[in-house]
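In: Sequence plus predicted model, see below.
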Amino acid sequence: MDQNQVNVQLFEKGIECLGPWVNNREELNKKFAEAKPFPNVELENFFKPEIAEALYSAFPKVTDDHKWVHYNNPIEKKFALTDFSKLPQFKELFALLQTDDFVNLIKKISGIENLENDPHLHGAGLHQHIPGGKLDIHLDYSIHSVTGKERRVNLIIYFTKDWKEDYGGAIELWNEDFTQCEKKLTPCFNTAMLFRTSDVSYHGLPLPIKCPDDNSRKSIAIYYVSDPRPDLENIRYKAQFRPLPNQPVNDKLEQLYRIREKRIITKDDLETIYPNWETDGNGHW
């Protein structure tokens, strides 16, 4: 199947392009509700094989002519892409993931009946981590900065091939006290993770990836929202990152964590606050 054909199939067949997991909604709902350290579930064979292969083939490299945003600092080292003007396959994919049929699937699995899509795709898109890439453990924003909706669940779909566990890059789910990781999921091809976002849903990939230069950790992320719950207390308009419990934190790094709670860290921030950060990681970046 070529790239033009996958556009048509995603558009015309809707959720029929998804794997057999769509027929196990009650079982997945039970696993989601009972999972530790907070509600989550793995969705294997997320797409039918031909769809997954076509999307993998179309997944752009960070060196391709696309508007990749490069986050490069001690807290997060990744590439993100939300401009799909040259990637019709992914434009159609995100359209599918926002249809009523698909959102209804996520409602059934998560048990959140008032779940909605986010037409702004705020924070969503294609994500890629090359060797050395990382993303510190964090809590996601709780309130959408445009719509005022509450972020409720994350869906992350992996398009990584030929990945070995010793490369790292597994998504880590940490306990409420932030004392230990209780679950890891290696970013295997055509596997997804759905998880609840809340004031205790600590997650990330906190140590640098060690894959070969010709490979990378590839994923697609999309988030679903609802009207804010009445008992919501911790309002976050940006993600709140934390160092690992055993990680040394100097004053310069602490300043960057505080900045990141309010906005993206800039090159000027790094040059002013922590000019030697790249050689000061001690294995943490």
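Out: Sure, I can see it.
In: which residues make contact with stretch 155-171 from outside it?
Out: Where contact means Cβ atoms under 8 Å, 6 or more residues apart in numbering, the residues beyond stretch 155-171 that reach it are 46, 52, 55-56, 59, 97, 106, 129, 133, 184-194, 203-205, 207-211, 215-224. Yep, even glycine has a C-beta here, placed from its N, CA and C like the rest.
In: How about stretch 138-146?
Out: Residues contacting stretch 138-146 (Cβ under 8 Å, 6+ apart): 118, 120, 122-123, 149-151, 154, 197, 199-204, 223, 225, 228, 232, 234-242.
In: for it, which positions count as buried?
Out: Applying a neighbour-count criterion of 16 or more other Cβ atoms under 10 Å, one finds H138, L139, D140, Y141, S142, I143, H144 buried in stretch 138-146.
In: What mean pLDDT does that stretch get?
Out: The average of the pLDDT scores along stretch 138-146 is 95.
In: how long is that stretch end to end?
Out: 21 Å (Cα to Cα, to the nearest Å).
In: And stretch 106-119, by the same measure?
Out: Rule used - Cα to Cα; the end-to-end distance of stretch 106-119 is 16 Å.
In: With stretch 52-67 instead?
Out: End to end - Cα to Cα - stretch 52-67 spans 23 Å.
In: What residues of that stretch count as buried?
Out: For stretch 52-67, by 16+ other Cβ under 10 Å, it's A52, E53, A54, L55, A58, F59, P60, V62, H66.
In: Check which element follows the host helix or strand of the second one along the chain.
Out: This means E53. E53 belongs to helix 49-58 when elements are defined using DSSP states H and E. Of the helices and strands lying after helix 49-58 in sequence (DSSP H and E), the nearest is strand 69-72.
In: If you count neighbours, what's buried in that next one?
Out: Y71, N72.
In: i'd like the first residue to be 477 from this point on
Out: Happy to do that; since the first residue is 477 now, the last one works out to strand 545-548.
In: what's it packed up against?
Out: Counting contacts by 3 or more Cβ pairs under 8 Å, 6 or more residues apart in numbering; DSSP states H and E, strand 545-548 is packed against strand 552-557.
In: next one: the strand it packs on to chain centre, how far?
Out: 10 Å (Cα atoms, centre = their mean, to the nearest Å).
In: same deal with stretch 583-590?
Out: With Cα atoms, centre = their mean, you get 19 Å for stretch 583-590.
In: How far away from the center of its chain is the helix holding E529?
Out: That offset, for helix 525-534, works out to 19 Å (Cα atoms, centre = their mean).
In: Please name every helix or strand in contact with that helix.
Out: Counting by 3+ Cβ pairs under 8 Å, 6+ apart, helix 525-534 packs on helix 479-489, helix 564-572.
In: how about a cut-off of 10 Å?
Out: helix 479-489, helix 564-572, strand 693-702 (3 or more Cβ pairs under 10 Å, 6 or more residues apart in numbering; DSSP states H and E).
In: on that earlier part again, filter the contacts of stretch 631-647 to the buried ones?
Out: 522, 528, 531, 535, 573, 582, 605, 609, 661-663, 665-670, 679-681, 683-685, 687, 691-696, 698-700.
In: rewinding a little: closest to D559 out of the buried residues of stretch 614-622?
Out: H620 (20.0 Å; Cβ to Cβ).
In: Only the buried residues of stretch 635-652, if you could.
Out: F635, T636, W639, Y643, G644, G645, A646, I647, E648, L649, W650.
In: hang on, isn't I749 packed against D727?
Out: Yes - between I749 and D727 there is a contact under Cβ atoms under 10 Å: 9.1 Å.
In: Which one of the two is surrounded by more residues?
Out: Shown here are I749 and D727; by other Cβ atoms under 10 Å, I749 has more neighbours (16 against 8).
In: List the residues that contact that one.
Out: Counting by Cβ atoms under 10 Å, 6 or more residues apart in numbering, I749 makes contact with D727, K728, L729, E730, Q731, L732, I735, I741.
In: ok, the buried residues of stretch 635-652 vs E488, which is closest?
Out: Distance to E488 across the buried residues of stretch 635-652 (Cβ to Cβ) is lowest for F635, with 22.1 Å.
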